[in-house]
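Student: Just need the structure, nothing else, for what follows:
(2 chains)
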Amino acid sequence: MAKSDDCVHILQGLLVFGNVVIGMCGIALTAECIYFVSNPHGLYPLLKATENSDIHAAAWIGIFVGLALFALSILGIVGVVKASRTLLLVYIILMLITFAFEMASCITAATHRDSLTPEFFLKQMLERYMKSEPANNSDNELTKAWDELMLQNHCCGVLGPSDWQEYTSAFRLTHSDADYPWPRACCVLDAQGLPVNLDGCKLGVPGYYNNDGCYNAISGPVNVQAWGVAWFGFAILCWIFCVLLGTMFYWSGIEY
Amino acid sequence: RHPRARTMLPLLLLLLPAAHGIAPLQYTPALTTNPTLEGVTTASTFVLDQPRCVFQDYGNADIWLVVALEQTKSTFNNTAKPGTNETAFQRFPDLVGAYMTLNTTLVNYPCPKPAGDITVLRVGSETSCAQDNTRPTCNGPLPGPGPYQVKFLALEGSAPVAETKWSLPIMLRTAKSPSTISTAASGHSAGMIAITTILSILLAILLAGLVAMLVFWSSDSCGGSSTFSKPESVTVRRYNTHHVYDQPAARL
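Tutor: Here you go, the predicted structure:
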C-alpha cells in the first residue's frame, strides 16, 4: 500500500505541477494577446480592411482562453488535492472545451498568416489608398495607416515606388502621373513634413525618395503576431494534453 | 573672260552655305542613364540629358526641343515656327505631328558640365498649362505611351540654324489594372499543416479518453483495477461490507 500511496502522491504532485504551469501559461497567453490586440504597429487597418481579420479574432479568443485556463487550473488543483470525482470531471470537460477553442484560434492565426502575401497587400493598397469617395471609414483609416507606415519606415508602396507606375490605382485617378509619379509620402521629408527636394523626388533621384518597399515592415510584425499566437498556443495545448491524460488516469483510479 | 566673273564666283560660293542654314550636329538626344533615375520614364513623362557642349557655336540661338511620335516625325518641317498652331502642344498628336517646347538659350547649358550636377530635362512636367491654348509651347504631360522621338533645334530669330539627330524611339510605361493581380493563396505553409494535424490528433485522443472514462464510470460498480486511497478526509467511505462481515465470521 505504501508503494501505491507513493505513486498516488507522485501523480498528484505531477498533476498539481502541471496545473500550475497551465495557470501561468494562461496568464502569459492573455498578456501576449492583449499586447497584439492593442495594435502596437498600427497595422490593424491593413488587416481589418478586408473581411479576413482573423489574426485579430484569434488574438481576442486567446485573451479569453488564457483567463479560462487560469481559472480551470485552480479548479484542477483543488480537484486533484481533494480527489473529488465530480470536480475533476467538470474540470476535464471544461478543459476540453477550452482546448477546442484554443485549437481553433491557433489554426485560424496560422491559416490567415499564409494568406497575407505581398500581392494581397499590393492589391488592397492600389484599390483603396487615397480613394476619392471612400466607401466607408475603413478606406480613410487605411490611407492613414499607409501614410504612417511609409513615413515611419521610410518605404514606399509594397514592393517599391514602381508599384505606382506598373499599375493603375485609386490614387492615380485623383493625382496626375506627371505631378505625382508616387505619393508624397514616398519622398524624403524634412522636419516640417515637406519634401526635401520635390523635383528630385519626382525624378527618382537616389537620396530624395524612398526606394524600399514596405512589405518587410508589414510582414515582420504580422508574422510575430500570427506565430506568437499560433505556436505559443500549440505549445500550451500539448502541455494541456499531457495534463489531461494524467488527470483522466487519476480520475479513473479514484475510489468512488 | 570677264574679270568680274572671277571675283563673283568665290563670293557666290561663300554665300551659298550661309543661305542653306541648318547645320546637322552629331548629337543624339538620349534618356538619362547617369545617375539612374527611378522616374526616367513614367506613364506620361520622360527625362533627357541636357545638350551640353553641343550648341557651342550658336550663342545667339534659341534651342528648342521637338517632340514627335515615331510615325509622325517625318512630317515635321524645320521651318515651322514655335508657338504657332503648327507646333502647339495642345494640338498634339491629333492635329499636328510634332510640337516644340522647352526653349532656352545657350546660357542655360554651360559647358563643360560641372561634375556631380544632375543636368536633365524632364519632358512632360508642366501640368498647369496642358489644356491652355494660349500656351502652345507648354511642356505638358505626354498623351500616350509613344513611342516618341525627339531632337533639338536651334533657331536664330525664326530661322533654323542647327539641329541634332532624332533620338532612338522612347517608349513610356503602361500601367496594368490591379485586378490582374492574383491573390490566390499559394498553398499552406508547413507550420500550419503541422499545427492542424497534430492538434486534431491530440483532440481526438482526448475525446476518446473522455468517452472511455465515462464508459468506465457507468460500468464501474465494484471498484476498478487499481484504487487509490484518499488522504485523511471526513467523508464516509463505502467499504466492501461483505468482506468485513465475513472475516469475523471466519475467525469465529
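Student: Any regions of chain B where pLDDT drops low?
Tutor: The model of chain B has pLDDT under 70 over residues B:1-20, B:185-186, B:220-252.
Student: how about the worst-scoring helix or strand of chain A on mean pLDDT against chain B, any contact?
Tutor: When each helix and strand of chain A is scored by mean pLDDT, DSSP states H and E, helix A:44-48 comes last, with a mean of 76. No: judged by C-beta under 8 Å from any C-beta of the partner chain, helix A:44-48 stays clear of chain B, getting no closer than 14.0 Å. Every residue, glycine included, has its C-beta placed from N, CA and C.
Student: Three-state assignment for residue A:29, please.
Tutor: Following DSSP: H, G, I helix; E, B strand; the rest coil, we place residue A:29 in the helix state.
Student: quick one, what contacts it?
Tutor: Counting by C-beta atoms under 8 Å, 6 or more residues apart in numbering or on different chains, residue A:29 touches A:62, A:63, A:65, A:66, A:69, A:232, A:233, A:236.
Student: now the helix or strand harbouring the first one: mean pLDDT?
Tutor: So that's residue A:62. Per DSSP states H and E: residue A:62 is located in helix A:54-82. Helix A:54-82 comes out with an average pLDDT of 91.
Student: before we move on, what about stretch A:132-147?
Tutor: Summarised as a single mean, pLDDT over stretch A:132-147 is 83.
Student: for stretch A:185-197, same thing?
Tutor: The average pLDDT within stretch A:185-197 is 90.
Student: Residues touching that stretch, excluding its own?
Tutor: A:146-147, A:150-151, A:154, A:156-157, A:161, A:184, A:198, A:201, A:205, A:207-210.
Student: Could you tell me which of these count as buried?
Tutor: Neighbour counting with 16 or more other C-beta atoms under 10 Å in any protein chain shown marks A:146, A:150, A:154, A:156, A:157, A:161, A:184, A:201, A:205, A:208, A:209, A:210 as buried within the contacts of stretch A:185-197.
Student: can you tell me which residues contact the residue in the stretch 101-250 of chain A positioned nearest to chain B?
Tutor: Here the residue of the stretch 101-250 of chain A nearest chain B is residue A:204; by C-beta to the nearest C-beta that distance is 2.7 Å. Residues near residue A:204 by C-beta under 8 Å, 6+ apart: A:161, A:181, B:37, B:38, B:39, B:40.
Student: change it to 6 Å
Tutor: Contacts for residue A:204 (C-beta atoms under 6 Å, 6 or more residues apart in numbering or on different chains) come out as B:37, B:38, B:39.
Student: From those, list the ones also adjacent to chain A.
Tutor: The subset of these within reach of chain A, by C-beta under 6 Å from any C-beta of the partner chain, is B:37, B:38, B:39.
Student: Flag every residue of chain B that's near chain A.
Tutor: Within chain B, the positions adjacent to chain A are B:37-39, B:42-45, B:124-125, B:127, B:141, B:173, B:175-178, B:181, B:183, B:185, B:188-189, B:192, B:195-196, B:199, B:202, B:206, B:209, B:213, B:216, B:226-228, B:230 by C-beta under 6 Å from any C-beta.
Student: ok, of those, which come out buried?
Tutor: Listed as buried from the residues of chain B next to chain A are B:37-39, B:42-45, B:124-125, B:127, B:141, B:173, B:175, B:178, B:181, B:183, B:192, B:195-196, B:199, B:202, B:206, B:209, B:213, B:228; burial here means 16+ other C-beta under 10 Å.
Student: Return the subset of those residues lying in strands.
Tutor: Counting by DSSP state E, no part of these is found in strands.
Student: Just give me the longest helix of chain A.
Tutor: In terms of residue count, the longest helix belonging to chain A (DSSP state H) is helix A:215-253.
Student: can you give me the mean pLDDT across the helix or strand that contains residue A:6?
Tutor: Element membership of residue A:6, judged by DSSP H and E, is helix A:2-37. On average, the pLDDT along helix A:2-37 is 90.
Student: Give the buried residues for that helix.
Tutor: A:8, A:11-12, A:15-16, A:18-19, A:22-23, A:25-26, A:29-30, A:32-33, A:36.
Student: Could you do stretch A:245-256 as well?
Tutor: In stretch A:245-256, counting by 16+ other C-beta under 10 Å, buried: A:246, A:247, A:248, A:250, A:251, A:252, A:253, A:254.
Student: Can you narrow those residues down to the ones near chain B?
Tutor: A:248, A:252, A:253.
Student: pretty sure the first one is touching residue B:212, no?
Tutor: So that's residue A:248. No: in this structure residue A:248 lies outside contact range of residue B:212 using C-beta atoms under 6 Å: 8.0 Å.
Student: hmm, back to that, what about the residues of chain B next to chain A, which are in helices?
Tutor: Among the residues of chain B next to chain A, the members found in helices (DSSP H) are B:192, B:195, B:196, B:199, B:202, B:206, B:209, B:213, B:216.
Student: Nearest to residue B:86 among those residues?
Tutor: residue B:192 (66.7 Å; C-beta to C-beta).
Student: in terms of contact, does that closest one touch residue A:110 like I think?
Tutor: Yes: contact criterion C-beta under 6 Å: residue B:192 and residue A:110 qualify, at 3.7 Å.
Student: Enumerate every residue touching the residue nearest the centre of chain A.
Tutor: Centroid-nearest residue in chain A, with C-alpha atoms, centre = their mean: residue A:225, separated by 3.4 Å. By C-beta under 6 Å, 6+ apart, the contact set of residue A:225 is A:36, A:55.
Student: How about residue A:205?
Tutor: Per C-beta under 6 Å, 6+ apart, neighbours of residue A:205: none.
Student: swap in the one 3 residues further on?
Tutor: By C-beta under 6 Å, 6+ apart, the contact set of residue A:208 is A:188, A:197, A:200, A:201.
Student: which non-adjacent residue is nearest it?
Tutor: residue A:200 (3.3 Å; C-beta to C-beta, 6 or more residues apart in numbering or on different chains).
Student: how would you label that neighbour: helix, strand or coil?
Tutor: Reduced to three states by three-state DSSP, residue A:200 is helix.
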